[in-house]
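Structure, please.
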Amino acid sequence: MKKEKQNNKKRNLILLYIVIVLVLLGVGSYGISSVLKRDTIYEGIKIGKFDVSNMTKAEALNKIKGELEEDLAGKQMILRYEDKTYNVKITDLGFHYNYEKAVNEAYSIGREGNIVNKLKTIIDTKKYGKTLGLETSYDKNLINDLAHEISQDINLESKEAVFNFNGGKMHVTDEIVGRKVNTELLKQLIDENVYKLEDVDIPVEKIQPKATKAQLSRINGVIGQFSTSFKTSSSDRKENIRVAAKSIDGKLLMPGDNVSFNETTGPRSKQNGYKEANVILEGEFTPGTGGGVCQVSTTLYNALLSADVKVVERHPHSIPAKYVSYGQDAAVSFGSLDLKFRNDFDFPIYIHTKVSSDTIYIYIYGDLNTKNYNVKIDSELVEKIEPLVETILDNSLKPGEKVLQQAGRTGYKTKTYKSIIKNGKIVKKELLHSDYYKSRKYIYKIGPKVEEKIETSTEEAEE
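Okay, the predicted model is just below:
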């Protein structure tokens, strides 16, 4: 407390000294009043590099603004991407100086506090000087707009090369490499460069198309094929085969691509062009929409095996198909059984289908330089299962009468092998799968037994 009183006493003595000095200098009480009431900025004050001593606020504002506005007009940053250049004036970003705030602050120096504080500030400012900063600001929304405009100008959608197949002739179009500006990073770079005004490289990401001309040009021939006949089929079944075959024609698989037969051919509905024909349901031939599609999946399955394409899902029928060997069929049913495969090659593959009056052909195209070997599929009959016979007594039938209620069929157990043949020699052989086609028993209805007739002699009859 004692120390604080001493400081106050010392301060008052200093202020008294200042008043005495002013009086001695001839300012007097009237002079002090005129100094404090002047309408100009006190001596020793600068705004930035500009000395605004003894200027009115309007004069100071005109001086600073006149020089800096001309300087601002020439300030810009350059944004570049390849052959594109964008000259961006910082005034286009709403950049400006807060002239009024700086001038008002300069004018306020020496005009705050009591008379003693004002006089002390005026004297110190004149002796030691005081420099004020000049605040700046800009509109970040305009930076966002600029980044968006540049992106719209530079961005380019990528376009894949296209493999065209017409009458056995192959042609590949050029791909287009896409571009996409990283707008968030661009906004950050512009924002950080407002005061540096250095050249900026616009951040652009190249978007490589999945299919390029170099890749698709590797398709140079048939690497696998298969065909089956449907000569004895009904007209509706033939039409279903044509519809399903058309849906997979032209399918292109890039390396790593997976394909589902069911997804490609779609639901077996009349809206999709399928008609009613016999389908196999729980071992029975039953009328159903899409009968015959399984012949397409089976033909495709064998073409894929011939091309050595990876099959990841395949199912046998409940009874052997007549158009291929045992163990080489591929049953499909939309929503349950599917044929799925994947391109594990490092080149694309292309599927082409052709349907004649009674035969479906499926060709797998790819790189003959890489797939330079043949594939052979063999089926082995492991076991033949004869059908059982069951009889059911039916008293409504005539004695000894026999009626077939359920036709039986033989069952089979098979194994299917794949052999890789190169230069005429088998270099690899593997088991693809084991299949079991269940047998079905014969069921007969039979009438009651025939009673035996007993012959007797005349004497026995008389007795």
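
Please read off the pLDDT at the residue nearest to K275 when sequence neighbours are not counted from the model.
Spatial nearest neighbour of K275, chain neighbours left out: D236 (3.9 Å); criterion: C-beta to C-beta, 6 or more residues apart in numbering. Where C-beta positions appear, they are placed from N, C-alpha and C, glycine not excepted. For D236, the model assigns a pLDDT of 90.

what's across from I420 in the sheet?
When bridges are called by DSSP bridges, I420 pairs up with V375, K428.

burial of it, as a residue count?
When neighbours are defined as other C-beta atoms under 10 Å, I420 has 15 of them.

Over to D344?
Count around D344 with other C-beta under 10 Å applied: 12.

next one: T125
Here the number of neighbours of T125 (other C-beta under 10 Å) works out to 18.

isn't it right next to I45, touching?
Yes. Here T125 reaches I45: they are 6.1 Å apart, a contact under C-beta atoms under 8 Å.

Touching both of these two, which residues are there?
Common contact partners of T125 and I45 (C-beta atoms under 8 Å, 6 or more residues apart in numbering): I109.

how far away is the residue nearest the centre of the chain from M254?
For the chain, K210 is the residue whose C-alpha lies nearest the centre (C-alpha atoms, centre = their mean; 11.2 Å). Computed as C-beta to C-beta, to the nearest Å, the K210 to M254 distance reads 6 Å.

Next: I115.
Relative to M254, and taking C-beta to C-beta, I115 is found at 87 Å.

the more surrounded of those two?
Between I115 and M254, counted using other C-beta under 10 Å, the more crowded position is M254 (16 against 12).

how near is the residue nearest to the more buried one when sequence neighbours are not counted to I219?
Excluding the flanking residues, the one nearest M254 by C-beta to C-beta, 6+ apart is P348, at 5.2 Å. P348 sits 6 Å away from I219, going by C-beta to C-beta.

When the two are compared, which one has more neighbours?
Shown here are P348 and I219; by other C-beta under 10 Å, P348 has more neighbours (24 against 21).

I'd guessed that one sits against G366; true?
Yes. Under the criterion of C-beta under 8 Å, P348 lies in contact with G366, with a separation of 7.3 Å.

what is in contact with these two at once?
The contact sets of P348 and G366 overlap at R218, I219 (C-beta under 8 Å, 6+ apart).

so what's in contact with P348 and I219 at the same time?
F163, G366.

For the residue nearest to K275, give me its contacts.
D236 neighbours (C-beta under 8 Å, 6+ apart): K275, E276, A277, G291, G292.

Surely L93 touches N141?
No. Counting by C-beta under 8 Å, N141 is not a contact partner of L93; they are 9.6 Å apart.

Neighbour count for the two, which is higher?
L93 (21 against 10).

Distance-wise, check the more buried one relative to K354.
Counting by C-beta to C-beta, the gap from L93 to K354 is 63 Å.

Same check on L79?
55 Å.

Show me where the stretch 101-250 of the chain has its strands.
130-132, 136-137, 163-166, 169-172, 178-181, 200-201, 204-207, 221-229 (DSSP state E, counting those that start in this stretch).

K425 is nearest to which of these?
strand 221-229 (19.1 Å; C-beta to C-beta).

helices and strands around the closest one, which ones?
helix 293-307, strand 359-366 (3 or more C-beta pairs under 8 Å, 6 or more residues apart in numbering; DSSP states H and E).
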